[in-house]
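[1] only geometry, no sequence info:
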Ligand code: 4AD
Ligand code: MG
């Protein structure tokens, strides 16, 4: 039984020429003259097109007119070694069928340079461009590599819920999930919306993180990870924020902060190595595109070539620095003294902005940085409190061009300390009783982190806007498609 139709990738890699093959795909370009036409055909399996050679006398002229950019066609013909430069194989067409036309007057993706902004408006068709083909093949490869890594390292994939009644990060930036009538919701004695009458009998929202449930799993299965969409209703219109993004969250029993940092560094390096080993064609394409853009920049503003940058991260150990040291570096920086930061660093306790993170990584240490020991006030309630009473065992991994790519911590395993902290920040211990049970029964040191999948993809693909590494971006005022 033949289970697979051949793809362009198969044909280009195939050693056996002079055999009859069939292929289906979308026309990228067509050129030629009255005698012979050359069609560049792509089916999404690779960045590379296969060339179809069409002797015009063998095919009706009317049909060949319909072979335009974007049209879907079927070709049967002889696979031969190509005489022309730039490709290894080509197909001499014997049969050609137009499966679906694409009217050149109306089809938006024409063979010319389109801006990424324009392509975002036609995101349903942008998969058909080289650039988005490359990005989404790499996205797939990275998702696969994530599962591979954890499976190879004894982690279990735990599916945490998307609908929850908690707000893990405590930032209050959640999307409400309700079936109540917005025009006429039931009210309680106080005149407030009575969520007891809502679908779940309580107020619920889309999850901002699978961590809390992940911890429950880790405190029995040992090592787990979640990998799913998370939702944040923060009104951040930046190139690094989405309202719906995918997060990878490993959680490990008996791991302290040091173990957590080691895992994060090893994991990121594995993923980057995987991309270099499995996605080179796409990376080369993206790199060439970036080089073209860099030409327009001043020499000192140019960034490292993409593949060189990926190799650079692989071969350098991440700098591990405390928040306190980082704030000193920032305070003493020329940037800060000359008022070049949008948010001046005024002293210990300030939350770091992405401009500060990038300064530390790109200008000061010139490599990825792991910052630890943040003030407890600027971090979530569940983080392990350090003996100094001021800081927590948090770790953020900072990358060039991205800033924060990972946020994580050792968790507070001491029941009393955790309850006190929850009370301090106003989190109901009653509704979180299930979570506190892990600290009541068989509590132990444990740690975990969250990697933003799209932030990883920004780094690996070199794309500049997070909207361009997720198929259908959700951002404030935008839920198209
Ligand atoms: O630092 P965050 O908020 O950490 C957590 O949610 C923890 N519960 C994770 C854990 O310890 N299990 O988010 C983790 C990462 C960030 O470092 C960033 O890469 C990404 O998620 N991220 C976003 N990515 C895109 N759009 C947003 N709005 C993001 N917010 C966070
Ligand atoms: Mg964070």
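    Thanks, I have it. These figures come from a predicted structure and were not determined experimentally. Ligands and ions are numbered 1, 2, ... in the order given.

[2] Not counting sequence-adjacent ones, nearest residue to residue 243?
    Nearest residue to residue 243, sequence neighbours excluded (Cβ to Cβ, 6 or more residues apart in numbering): residue 474, at 4.5 Å. C-beta: built from backbone N, CA, C; applies to glycine.

[3] what does residue 41 give?
    Spatial nearest neighbour of residue 41, excluding adjacent residues (Cβ to Cβ, 6+ apart): residue 25 at 4.4 Å.

[4] and the one you found, what does it touch?
    Counting by Cβ atoms under 8 Å, 6 or more residues apart in numbering, residue 25 touches 8, 41-44, 50, 72-73.

[5] what's near enough to touch the residue nearest to residue 243?
    Residue 474 neighbours (Cβ under 8 Å, 6+ apart): 242-244.

[6] What of residue 419?
    Shown in contact with residue 419 (Cβ under 8 Å, 6+ apart): 429, 436.

[7] what separates it from ligand 1, distance-wise?
    Applying Cβ to the nearest ligand atom, to the nearest Å, the value for residue 419 to ligand 1 is 19 Å.

[8] for that residue, phi and psi?
    Here the main-chain torsion angles of residue 419 (degrees, to the nearest 10) amount to phi -60, psi -40.

[9] Give me the phi and psi angles of residue 204.
    The phi and psi torsions at residue 204 (degrees, to the nearest 10) take the values phi -130, psi 160.

[10] Repeat that for the one 3 residues further on.
    With angles defined as degrees, to the nearest 10, residue 207 sits at phi -70, psi 150.

[11] Just give me the neighbour total for it.
    27 (other Cβ atoms under 10 Å).

[12] Who are the contact partners of it?
    By Cβ under 8 Å, 6+ apart, the contact list for residue 207 reads 160-164, 168, 230-231.

[13] at 6 Å what do you get?
    Taking Cβ atoms under 6 Å, 6 or more residues apart in numbering, we find residue 207 in contact with 162, 164, 230.

[14] Tell me who's in contact with residue 229.
    244, 246.

[15] same thing but at 10 Å, please
    Residues counted as contacts of residue 229 (Cβ atoms under 10 Å, 6 or more residues apart in numbering) are 162, 206-207, 210, 242, 244-247, 453, 470, 474.

[16] Likewise for residue 355?
    330, 335, 340-343, 345, 403.

[17] Now the element after the one helix or strand it maps to, going C-ward?
    For residue 355, the enclosing helix or strand under DSSP states H and E is helix 354-358. Per DSSP H and E, the first helix or strand lying C-terminal to helix 354-358 is strand 369-375.

[18] so how far is that following strand from its chain's centroid?
    Per Cα atoms, centre = their mean, to the nearest Å, the displacement of strand 369-375 from the mean C-alpha position of its chain is 23 Å.

[19] now the strands for the stretch 151-300 of the chain?
    156-157, 163-164, 176-177, 204-206, 223-231, 244-253 (DSSP state E, counting those that start in this stretch).
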